[in-house]
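>>> got a predicted structure plus its sequence, pasted below:
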Amino acid sequence: MTAKRIASVVAHRLAILAYVAFALFPLYWLLKVSVTPNKLLYSEGIKMWPSRTSFEHFEFVLKHSDFPVFFKNSLIVSGSTAIIVTVLASLAGYAMSRFDFRGKYWIVTLMLLTQMFPLVMLVAPIFKILSPLGLTNSLTGLVIVYTAFNVPFATFLMQSFFDGIPKDLEEAAMIDGATQFVAFRQIILPLTLPGIAATLGFVFTAAWSELLFSLMLISGNDAATFPVGLLSFVSKFSVDFGQMMAAGVMALIPACLFFLLIQRYLVQGLTAGAVKG
């Protein structure tokens, strides 16, 4: 039994290691190509690491391309969308969790229906709505579209967190004289910080990596986000893989930093209720 147990543990660890390696290999290859000089990209063939490394691709992307503009636009759009959606989803999720009101079933149904339509089918109607308002080719229009598409799922996500908090906490606060809003702000909201962090992370990454609407609604480089900017490294007859990978590496930095900042709250959410007493 001991030998079988050891073999089972080793097999389990090896399976986890294989999965991690499989998941991280594209990121490793992204980094490897980004530091490979142009002369070696094709001459050396497939190697696990180049014989010589260089940061010439990063230098070109930062100094001789519009990537800094794309990067700034993505930060503005993703950050604004994440904050707006999280605020709206927190309020809507709390209402869905705590109150019974007329039309609640139909509101939930409509919110679910918005998640059923293919995004490609909605590009033309959205463009026709935004165009007369002057919101095409603008960051404001992208924030509005991203907010509209992320609020329903974020609302259900926040509602699940609110459902896990006993109503007795609010009732006790209201007996002591607190209003419903004060009880929500001072008692319930701090308890849902893991949920807020998860919602912020989900919405930020969704907006950060979105390509379809940014490609269809933005026509110039001044308001383009980085997923669209990556296409600028693809020309009619060639692809600048080194520069594209360098831009991809730099585009990963904000998302990684963002999750590092909210990691503590995400861990609290994963471990909540694991220890009693």
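On my side now, so go ahead.

>>> tell me which residues in stretch 177-188 are buried?
Ala178, Ala183, Phe184, Ile187, Ile188 (16 or more other CB atoms under 10 Å). (Glycine included, C-beta is placed from N, CA and C.)

>>> average pLDDT across it?
Per-residue pLDDT values over stretch 177-188 give a mean of 82.

>>> show the end-to-end separation of it, please.
16 Å (CA to CA, to the nearest Å).

>>> go on, stretch 231-245?
In stretch 231-245, first residue to last residue: 12 Å (CA to CA).

>>> helix or strand for the residue nearest the centre of the chain, which one?
When CA atoms, centre = their mean is applied to the chain, the residue found nearest the centroid is Thr205 (1.2 Å). Assigned by DSSP states H and E, Thr205 belongs to helix 193-208.

>>> what residues does that helix touch?
Helix 193-208 is touched from outside by 74, 77-79, 81-83, 85-86, 89-90, 146, 150, 153-154, 157-158, 160-162, 189, 226, 251, 254-255, 258-259, 262, 265-266, 268-270, 272, with contacts defined as CB atoms under 8 Å, 6 or more residues apart in numbering.

>>> just the buried members of those?
74, 77-79, 81-82, 85-86, 89-90, 146, 150, 153-154, 157-158, 161-162, 226, 251, 254-255, 258, 262, 265-266, 269.

>>> right, and the secondary structure at Glu210 would be what?
Under DSSP: H, G, I helix; E, B strand; the rest coil, Glu210 falls in the coil class.

>>> show the pLDDT at it.
88.

>>> and Ala7, by the same measure?
82.

>>> for it, grab the count of nearby residues.
If you count neighbours by other CB atoms under 10 Å, Ala7 ends up with 10.

>>> check which helix or strand covers it.
Short version, using DSSP H and E: Ala7 is in helix 2-34.

>>> so what does that helix touch, helix or strand wise?
helix 241-271 (3 or more CB pairs under 8 Å, 6 or more residues apart in numbering; DSSP states H and E).

>>> the helix it packs on vs helix 193-208, what angle?
Here the directions of helix 241-271 and helix 193-208 differ by 160 degrees (axes from the mean of the first three to the mean of the last three CA atoms, to 10 degrees).

>>> quick one: average pLDDT of helix 241-271?
For helix 241-271, the mean per-residue pLDDT is 76.

>>> switch to numbering from 3
Renumbered: residue one is now 3, and that last one reads helix 243-273.

>>> can you give me how far it is from the chain middle?
Relative to the mean C-alpha coordinate of its chain, helix 243-273 is positioned 9 Å out (CA atoms, centre = their mean, to the nearest Å).

>>> stretch 160-179 too?
Its chain's average C-alpha position is 29 Å from that of stretch 160-179, according to CA atoms, centre = their mean.

>>> stretch 101-116 now?
Computed by CA atoms, centre = their mean, the chain-centroid distance of stretch 101-116 equals 25 Å.

>>> and that stretch, which residues are buried?
In stretch 101-116, counting by 16+ other CB under 10 Å, buried: Ile109, Met113.

>>> how about residues contacting that stretch?
Under CB under 8 Å, 6+ apart, the answer for stretch 101-116 is Ala97, Met98, Phe151, Pro154, Thr157, Phe158.

>>> can you verify the second one is assigned to a helix?
Yes. When three-state DSSP is applied, Met98 is found to be in a helix.

>>> ok, it to Phe163 distance?
Computed as CB to CB, to the nearest Å, the Met98 to Phe163 distance reads 11 Å.

>>> same deal with Ser10?
Distance, Ser10 to Phe163, using CB to CB: 36 Å.

>>> count of neighbours near the closest residue in space to Asp224 that isn't next to it in sequence?
Distances taken as CB to CB, 6 or more residues apart in numbering place Val71 nearest to Asp224, at 6.9 Å, with adjacent residues excluded. Neighbours of Val71 under the rule other CB under 10 Å: 16.

>>> pretty sure Val71 sits against Thr227.
No. The pair Val71 / Thr227 is not scored as a contact, 9.7 Å apart, by CB atoms under 8 Å.

>>> for Val241, grab phi and psi.
phi -130, psi 130 (degrees, to the nearest 10).

>>> show me the helices in the stretch 3-152 of the chain, by range?
4-36, 40-45, 58-65, 69-100, 106-115, 121-132, 141-165 (DSSP state H, counting those that start in this stretch).

>>> having no further points to raise, I will conclude here.
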